[in-house]
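Got a sequence here, can you model it:
(one chain, ligands or ions: 2)
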Amino acid sequence: MRIAIASGKGGTGKTTVASNMALALANAGSCVTLADCDVEEPNLYLFLPGGEMGVEEVSVSVPAIDKPRCTYCGKCADFCKFNAISVFLGNALIFPGLCHSCGGCSLICPESAIKEVPRRVGIVKRSKPRDGVELITGVLDGGENSSVPVINAVKRGLPDSGIVIIDCAPGTSCNMVSAVRGCDYCMLVTEPTPFGLHDLSLARDVLVKMGIPCGVVINKSVGEDGIIEGYCSAQGLQVIGKIPYDEAIARAYSMGKAALYEDSNLARVFSCAYEKALKGAEKP
Ligand code: SF4
Ligand code: SF4
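Ligands and ions are numbered 1, 2, ... in the order given. From the prediction side, this is the model:
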């Protein structure tokens, strides 16, 4: 069972849900692989520190021009839709940060003057912070602008079976789509506010297009969640859990502590949400 934890906007509580659900399941005797695919700002390790097992570098292929072979015809620059190559006045420049590693320029070059070379963009760290939980964390290098290769590297390291929980990037960009792709179910974490509703609806639309079943977790609930519940009811979305607004939870979060140790009811909230996700993933 591979579950993505996503949200249309940042700060809704994805990390709270991902970390606490993993802990609730592990405390009940399950083995969980937790993947941090919010690679621009990974923070699951703050709640699950220690047990480091190793680090791998993530690289992408970028072009390098063999200047003696180059005739400066400009075909590579014309081909590149990302403006990652510029040919002018007998010179050819590559801007690796703009390259999307499509490989097209090396194919199009009539002089075979372009080869591909590796360029590091991030790392993937593995750890076993406690019994029953393995954590795989993607970290995009500072200054890099494409998270997808690092997200894909994290996902390549995931087991094919067992319980896998993926903490996705916020929003509905290609980072979220890459993290969610291939999952059996997606939990959308939201807040009972107009902003929360707006971004929830965007995320839900993406998941419908991707054909991934989803349900909603309302975070910071004060018992007046009609704005979200009305939308869910109209769209046929199940609310699979509610996390109460509670200063003790916020204080625990700010100190890197798991919320379920602050509120004895929360373990049940997360296990029930997981059970509902299992059922939701089974529906045709
Ligand atoms: S296509 Fe090849 S030969 Fe032409 S400018 Fe680019 S690298 Fe040089
Ligand atoms: S590999 Fe693709 S994206 Fe990168 S420079 Fe070549 S054509 Fe542009």
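
State the distance from the most centrally placed residue in the chain to ligand 1.
With distances taken as Cα atoms, centre = their mean, the residue of the chain nearest its centroid is C168 (2.5 Å). Per Cβ to the nearest ligand atom, to the nearest Å, C168 is found 38 Å from ligand 1. In this view, the C-beta of every residue, glycine as well, is placed from N, C-alpha and C.

contacting residues for that residue?
A4, I5, A6, S7, K14, C37, D38, N175, M176, A179, V180 (Cβ atoms under 8 Å, 6 or more residues apart in numbering).

Wait, the last one touches R2, no?
Looking back up the chat, that one is V180. No. Counting by Cβ atoms under 8 Å, V180 does not reach R2; the two are 9.7 Å apart.

hmm, back to that, would you format the contacts of C168 as TSV with secondary structure and pLDDT included?
Shown next, in TSV, are the contacts of C168 (DSSP: H, G, I helix; E, B strand; the rest coil; pLDDT from 0 to 100):
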residue	secondary structure	pLDDT
A4	strand	97
I5	strand	97
A6	strand	95
S7	coil	91
K14	helix	91
C37	coil	97
D38	coil	96
N175	helix	93
M176	helix	94
A179	helix	97
V180	helix	97
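
hmm, back to that, who has more neighbours out of V180 and R2?
Using other Cβ atoms under 10 Å, the more surrounded residue of V180 and R2 is V180, with 26 against 22.

Just name the closest of the contacts of C168 to I114, please.
When those are ranked by distance to I114 (Cβ to Cβ), N175 comes first, at 28.3 Å.

neighbours of that closest one, just the number please.
N175 has 22 neighbouring residues, counting by other Cβ under 10 Å.

Against I240, how distant is C232?
C232 sits 10 Å away from I240, going by Cβ to Cβ, to the nearest Å.

one step back: now do the shared contacts for V180 and R2.
By Cβ under 8 Å, 6+ apart, V180 and R2 have these common neighbours: I166.

mind checking how far P149 is from I240?
Using Cβ to Cβ, P149 is found at 32 Å from I240.

er, L200 I mean
Separation of L200 from I240 (Cβ to Cβ): 13 Å.

And G280, by the same measure?
Counting by Cβ to Cβ, the gap from G280 to I240 is 7 Å.

what's the overlap in contacts for those two?
Contact criterion Cβ under 8 Å, 6+ apart; residues shared by G280 and I240: G215.

Comparing these two, which shows the higher neighbour count?
When G280 and I240 are compared for neighbours, I240 comes out ahead with 23 against 19, by other Cβ under 10 Å.

what residues are up against D141?
Applying Cβ under 8 Å, 6+ apart to D141 gives the contacts R120, V121, G122, I123.

now do E262
D246, A248, I249, R251, A252.

What sits closest to the residue of the stretch 101-250 of the chain found nearest ligand 1 if chain neighbours are left out?
Of all residues in the stretch 101-250 of the chain, the one sitting closest to ligand 1 is C109 (3.3 Å; Cβ to the nearest ligand atom). Nearest non-adjacent residue to C109, counting by Cβ to Cβ, 6 or more residues apart in numbering: C76, 5.6 Å away.

ok, that neighbour touching L107?
No. Using Cβ under 8 Å as the test, C76 is too far from L107 to be in contact (9.7 Å).

What mean pLDDT does stretch 90-99 get?
Confidence for stretch 90-99, expressed as mean pLDDT, is 92.

Endpoint to endpoint, it covers what distance?
Criterion Cα to Cα, to the nearest Å; first-to-last residue distance in stretch 90-99 is 21 Å.

and it, does that touch ligand 1?
Yes. Residues of stretch 90-99 contacting ligand 1 under Cβ under 6 Å from any ligand atom: A92.

Give the burial count for the residue lying closest to G51 once chain neighbours are set aside, as a bare number.
Of all residues not flanking G51 in the chain, K128 sits nearest, at 4.1 Å (Cβ to Cβ, 6+ apart). By other Cβ under 10 Å, 14 other residues sit near K128.

Quick one, grab the pLDDT at K128.
pLDDT recorded at K128 is 97.
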